[in-house]
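**Q** what shape does this take:
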Amino acid sequence: VQLVESGGGLVQPGGSLRLSCAASGFTFSRYSMSWYRQAPGKERELVANITSAGTSTYYADSMKGRFTISRDNAKNVVYLQMISLKPEDTAAYYCTPVTDYGPVYWGQGTQVTVSS
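**A** Numbers count the residues shown, from 1 in each chain. Take a look at the predicted model:
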């Protein structure tokens, strides 16, 4: 399993970013996918989930209305569109397939820094 996250960067409060995660090494279209994030000194937390066909999504409360998860099964990519970013969104963001054993596979993550 290989997961390559990209799209992070430095953005001002109120700004937007779109993260991408290119997945390989497994049958992407058969797995729900998740985005997690981890801020310095904090535990990794779930941001959003999307089902294998992309027909259903879940968001953590603090992301509802600001983040949108989507996927392209033809390209084996999952996205996270983020708007109205806040300083507390600063974290490394990771994607992972949902397995029966929980989140097992991780990529290197992509850093999002929200600061003026």
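**Q** tell me the bridge partners for the most centrally placed residue in the chain.
**A** Centroid-nearest residue in the chain, with Cα atoms, centre = their mean: Trp35, separated by 3.0 Å. The partner list for Trp35 in beta bridges (DSSP bridges) reads Ala48, Cys95.
**Q** that one contacts Ala48, doesn't it?
**A** Yes - using Cβ atoms under 8 Å, Trp35 is in contact with Ala48, at 5.0 Å. Any C-beta I mention is one placed from the backbone N, CA and C, and that applies to glycine too.
**Q** confirm that Trp106 sits in a helix.
**A** No - membership of Trp106 in a helix is not supported by DSSP: H, G, I helix; E, B strand; the rest coil, which gives coil.
**Q** next up, the contacts around it.
**A** Taking Cβ atoms under 8 Å, 6 or more residues apart in numbering, we find Trp106 in contact with Leu3, Tyr94, Thr96.
**Q** can we see that at 6 Å?
**A** Applying Cβ atoms under 6 Å, 6 or more residues apart in numbering to Trp106 gives the contacts Tyr94, Thr96.
**Q** still on that earlier bit, how far away is the residue nearest to the centre of the chain from Ser116?
**A** 25 Å (Cβ to Cβ, to the nearest Å).
**Q** how about Leu80, nearest residue that isn't a chain neighbour?
**A** Leaving aside its sequence neighbours, Leu80 sits nearest to Leu19 (Cβ to Cβ, 6 or more residues apart in numbering; 4.3 Å).
**Q** mind listing the strands for this structure?
**A** 2-6, 9-11, 17-24, 33-38, 45-50, 57-59, 67-72, 77-82, 91-97, 110-114 (DSSP state E).
**Q** got the CA coordinates for the first one in PDB?
**A** Going back to what we said before, that points to strand 2-6. What follows is strand 2-6, C-alpha atoms only, in PDB (Å, rounded to 0.1, in the frame of the first residue of the first chain):
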ATOM      1  CA  GLN A   2       1.300   3.400  -1.000                       C
ATOM      2  CA  LEU A   3      -0.400   6.700  -0.100                       C
ATOM      3  CA  VAL A   4       1.100  10.000  -1.300                       C
ATOM      4  CA  GLU A   5      -0.500  13.100   0.000                       C
ATOM      5  CA  SER A   6       0.000  16.500  -1.600                       C
END
